[in-house]
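In: Kindly generate the corresponding structure for this input.
(chains A and B)
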Amino acid sequence: MAHDEELIRDLEAKADNVRRNIFTIFESSQMGHAGGTMSLIEIVTALYFHHLKFDCQNCDWLERDRLVLSKAHCCEAIYAVLVELGVLPKEILSTYYRFGSPLQGHADRWCTPGIDYSGGSLGQGLSFANGLAYAEKLKASLRPPSVQSSMPRYIRKDNPLYRTYCILGDGECHEGQVWEAAMFAAKYKLDNLINIVDYNKFSLDGPTNEVMLLEPFVEKWKSFGWYVIEVDGHNLRQLVDALDLACNLYGDLKPKCIIAHTVKGHGIPHWEATHVHIGRGEDISRGVEEGRAKYGHL
Amino acid sequence: MATYNKHVQIGDRVMAAEGINSGMIKAAEKDDRIIAVLEDMGFPGIGWFTQNAPERVIECGIAEANGAGVAAALAAEGFVPFIHSFAFAAVSRACNQIRQSILQDRFNVKILGREGAWGEPGISHNHIEIIGITRVMPNLVIVNPADIIEAEKAIMAIADYIGPVFLKIEASPPPLKIFTEDYPFNLGKAYTVKDGKDATIIACGYMLTESILAAELLEKEGIDARIINMSTLKPLDNEAVIKAAEETGAIVTAENASIIGGLGEAVATALSEYSPAPLIRVGIEDEFSQSGRITPEKDELKAHFGLGAEDIALSVKECIAKREKFNKKNS
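Out: Numbering: from 1, shown residues only, chains lettered A, B, ... in the order given. This next block holds a predicted model:
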């Protein structure tokens, strides 16, 4: 499905605003998961500003799409989006990592409005997303008979009550639990579940595939029973098209996996060169300086 | 014959797990939000579920980490998932998942962990450390019912309670039927099975049976022991412990689990903080369990670990002697 130039330009502008908010966070905290956050910008931008069914006035809306950020250390990206959406006030950005702040070091459902999943310990988000997606199937089957499809519940062709999105890091795909979860989603035909892997090719100890071999990655997901779409994770047009396709395929009884090829520390030369994972002090300030020079202030 | 509290009528030995089955069916009939989360280890009352509500059965296979995450999210969406497997699998194997995905957000997930301190399967399945492991976890309620009646009532109670619960189901040997049908199970409250003035035995799970037998042995020697059933291990009913310490001055705890981190330590903490009194902990020392034959005539592990009625009775007498020694020293 082709999207018009204007939409893509608009999303690119939003992505830049999200980056600027992230720089504000880092300027105050002087530390953060810079690399994995920057690789995520276009993915969260496409989701929140084009795709997700989300009510900024009512983050607990029962029919909202659910988003599970499994790589919850990169919550800076979500915080930046929630500020851009007006869910959180701008001033809050400087409280990241501070005692009593709603912006915890890792995403926390209790502390921050608009967060669906508390994470930090990696490899667990897809299981939680499975539960959310299964619950949607259950709720749909419990709808009043008058609105229930006469078809068995796994082959309803109408829209789900809500969709569940999950964002996995590539490093956390080394966890066995990710593959337990992958089997579960296929077994229960969770076609209302869309998983996006931020495949930025680097984890803390080095290149992800040297730390532990993930490849052939696409084939792995396919062999686990998933419908796989590969995109350039920094190309908003490809991302929105892939997300649209994943939604339109609803009813095919398959969970969807979008493998987004990304660059760790994307857009910031120092962070790209160092494949920064968690940055502190000089690493952060130099990257933010480069970012400000490129993207400016809001 | 000892005089018991009015909700106690000692009967024959019967597996407490039968009460888990009937309780699960009653709870699921009453509340259609209850979901059975299986981890390839069966489920209490599964026949009812498959016949009446197959969509409320989720089979996760031998993948307990994923099972915990799925259950957490079901609870987030308003369902009441019950996970069932061996305690070493459902709880220990998925400790970090339970901590992050269930307890951090205090999701309404119930975990039924099977197998007690002894049995034929050996070290792996005789997960004697489980109470210590779970007691340190915030937001988690821990229950260890003592007989078939209490098991059923405990399941009904935890289904009504909003919040995460770990319930330990003991596999063997069968305890006595202890309680009457109108026994009032209160989550978080101890129950005095038998009053007594000379010492108090505080027990949980199967060890309540051995404690009752111990009290009968002691009675023949003229010692009047109180018996408290502490089926909720967390939060602990501190008031019952303090009252027992003040009124009897000697406490023996009895658990078929490691004495490190278990009931004995919980009681020790309450005593030392609120009402110091001599204490002896009957349980398994700092070691692993092993395989052993269990027949009505012979229980090799009970004998090996010193968990029988005779052992408890001996500990009560030792504890009374300790108290007398303290009293003498302080007078």
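In: Check for me that B:Gly163 belongs to a helix.
Out: No. Assigned with DSSP: H, G, I helix; E, B strand; the rest coil, B:Gly163 falls outside any helix and is coil.
In: Using the neighbour-count criterion, name the buried positions in the biggest helix by length in chain B.
Out: Longest helix of chain B, by residue count under DSSP state H: helix B:309-330. When neighbours are counted by 16 or more other CB atoms under 10 Å in any protein chain shown, the buried residues of helix B:309-330 are found to be B:309, B:311-317, B:319-320, B:322-323. Any C-beta I mention is one placed from the backbone N, CA and C, and that applies to glycine too.
In: Which other helices and strands does that helix contact?
Out: strand B:199-203, helix B:207-220, strand B:251-258, strand B:279-284 (3 or more CB pairs under 8 Å, 6 or more residues apart in numbering or on different chains; DSSP states H and E).
In: now the ones you listed in CSV, with mean pLDDT, distance to B:Glu300 and mean neighbour count?
Out: Output for these, formatted as CSV (pLDDT from 0 to 100; distance: least, CB to CB, whole Å; neighbours: other CB atoms under 10 Å in any protein chain shown):
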stretch, mean pLDDT, distance to B:Glu300, mean neighbour count
strand B:199-203, 98, 21, 30
helix B:207-220, 97, 15, 22
strand B:251-258, 95, 14, 29
strand B:279-284, 97, 14, 23
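In: So for A:Asn21, which of these sits nearest?
Out: Among the helices and strands packed on helix B:309-330, the nearest to A:Asn21 by CB to CB is strand B:251-258 (50.3 Å).
In: got the CA positions of the helix or strand that that closest one is followed by in CSV?
Out: Following strand B:251-258 in sequence order, the next helix or strand is helix B:263-274 (DSSP states H and E). C-alpha atoms of helix B:263-274 as CSV (Å, rounded to 0.1, in the frame of the first residue of the first chain):
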residue,chain,number,x,y,z
LEU,B,263,8.1,-21.3,58.7
GLY,B,264,10.7,-21.7,61.6
GLU,B,265,12.6,-18.6,60.5
ALA,B,266,9.4,-16.6,60.0
VAL,B,267,8.3,-17.5,63.6
ALA,B,268,11.8,-16.8,64.9
THR,B,269,11.6,-13.3,63.5
ALA,B,270,8.3,-12.6,65.0
LEU,B,271,9.4,-14.0,68.4
SER,B,272,12.7,-12.1,68.5
GLU,B,273,11.1,-8.8,67.5
TYR,B,274,8.0,-8.9,69.6
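In: Show residues contacting helix B:263-274.
Out: Contacts with helix B:263-274, where a contact means CB atoms under 8 Å, 6 or more residues apart in numbering or on different chains, come from B:131-132, B:135, B:202-204, B:230, B:233-234, B:236, B:238, B:241-242, B:245, B:251, B:253-255, B:257, B:259, B:277, B:279, B:281-283.
In: 7 Å - rerun?
Out: Outside of helix B:263-274, the residues within contact range by CB atoms under 7 Å, 6 or more residues apart in numbering or on different chains are B:131, B:135, B:202, B:204, B:230, B:233, B:236, B:238, B:241-242, B:245, B:251, B:253, B:255, B:259, B:277, B:279, B:281, B:283.
In: follow-up on the earlier one: which among the helices and strands packed on helix B:309-330 is found nearest to B:Asn21?
Out: Comparing those against B:Asn21 with CB to CB, the closest turns out to be helix B:207-220 (19.5 Å).
In: So what touches the closest one?
Out: Residues contacting helix B:207-220 (CB under 7 Å, 6+ apart): B:2, B:10, B:146, B:175-176, B:178, B:193-194, B:201, B:203, B:225, B:227, B:229, B:254-256, B:307-310, B:312-313, B:316.
In: quick one: the strands in the stretch 51-200 of chain A?
Out: A:66-69, A:164-169, A:193-199 (DSSP state E, counting those that start in this stretch).
In: Same list (the ones you listed) but as TSV, adding mean pLDDT and distance to chain B.
Out: What follows is the strands of the stretch 51-200 of chain A, written out as TSV (pLDDT from 0 to 100; distance: least, CB to the nearest CB, whole Å):
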stretch	mean pLDDT	distance to chain B
strand A:66-69	97	8
strand A:164-169	98	9
strand A:193-199	98	11
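In: May I see these organised as CSV, with mean neighbour count added?
Out: Listed next are the strands of the stretch 51-200 of chain A as CSV, based on neighbours: other CB atoms under 10 Å in any protein chain shown:
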stretch, mean neighbour count
strand A:66-69, 28
strand A:164-169, 27
strand A:193-199, 29
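In: Now render these as a markdown table, adding distance to A:Ala260.
Out: Output for those, formatted as a markdown table (distance: least, CB to CB, whole Å):
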| stretch | distance to A:Ala260 |
| --- | --- |
| strand A:66-69 | 14 |
| strand A:164-169 | 9 |
| strand A:193-199 | 6 |
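In: so where do the helices sit in the stretch 51-200 of chain A?
Out: A:75-84, A:125-141, A:176-187 (DSSP state H, counting those that start in this stretch).
In: quick one, which of those is nearest to A:Ile194?
Out: Closest of the helices of the stretch 51-200 of chain A to A:Ile194 is helix A:125-141, at 9.0 Å (criterion: CB to CB).
In: ok, and for the closest one, which residues are buried?
Out: A:125-140.
In: just stretch A:59-68 next, same as before
Out: Applying 16+ other CB under 10 Å to stretch A:59-68 flags A:59, A:64-68 as buried.
In: again, but for stretch A:253-261
Out: Result for stretch A:253-261 [16+ other CB under 10 Å]: buried residues A:254-261.
In: I'd like the next helix or strand past the lengthiest helix in chain A.
Out: As assigned by DSSP H, the longest helix anywhere in chain A is helix A:5-29. Reading on from helix A:5-29 to the C-terminus, the next helix or strand found by DSSP H and E is strand A:31-32.
In: per-residue confidence averaged over that following strand?
Out: Strand A:31-32 shows a mean pLDDT of 90.
In: what does it contact?
Out: The contact list for strand A:31-32 (CB under 7 Å, 6+ apart) reads A:25-26, A:76, A:278-280, A:284.
In: how about a cut-off of 6 Å?
Out: Under the contact criterion CB atoms under 6 Å, 6 or more residues apart in numbering or on different chains, strand A:31-32 has outside partners A:26, A:76, A:280.
In: Let me have the residues you listed in TSV, adding neighbour count, distance to chain B and pLDDT as columns.
Out: Output for the contacts of strand A:31-32, formatted as TSV (neighbours: other CB atoms under 10 Å in any protein chain shown; distance: CB to the nearest CB, whole Å; pLDDT from 0 to 100):
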residue	neighbour count	distance to chain B	pLDDT
A:Phe26	23	25	95
A:Glu76	27	19	95
A:Arg280	13	24	88
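In: Going by distance to B:Tyr161, which of those residues wins?
Out: Taking CB to CB as the measure, B:Tyr161 lies nearest A:Glu76 of the contacts of strand A:31-32, at 36.9 Å.
In: which intervals of the chain have sub-threshold pLDDT?
Out: Picked chain A for this. Applying pLDDT under 70 to chain A picks out residues A:1-3, A:142-158.
In: Can you look at chain B instead?
Out: B:1, B:116-120, B:172, B:296.
In: List, one by one, the residues from it near chain A.
Out: Chain B comes close to chain A at residues B:55, B:63, B:65-66, B:69-70, B:72-74, B:77, B:96-97, B:100-101, B:104-105, as judged by CB under 6 Å from any CB of the partner chain.
In: my guess is B:Pro173 contacts B:Arg293, does it?
Out: No. Using CB atoms under 6 Å, B:Pro173 is not in contact with B:Arg293, being 10.8 Å away.
In: before we move on, the earlier item: buried ones among the residues of chain B next to chain A?
Out: Using 16+ other CB under 10 Å as the threshold, B:63, B:65-66, B:69-70, B:72-74, B:77, B:97, B:100-101, B:104-105 are the buried ones among these.
In: Could I get the helices and strands packed on helix B:309-330 in TSV, plus columns for distance to A:Gly291?
Out: As requested, those are exported to TSV (distance: least, CB to CB, whole Å):
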stretch	distance to A:Gly291
strand B:199-203	62
helix B:207-220	63
strand B:251-258	54
strand B:279-284	59
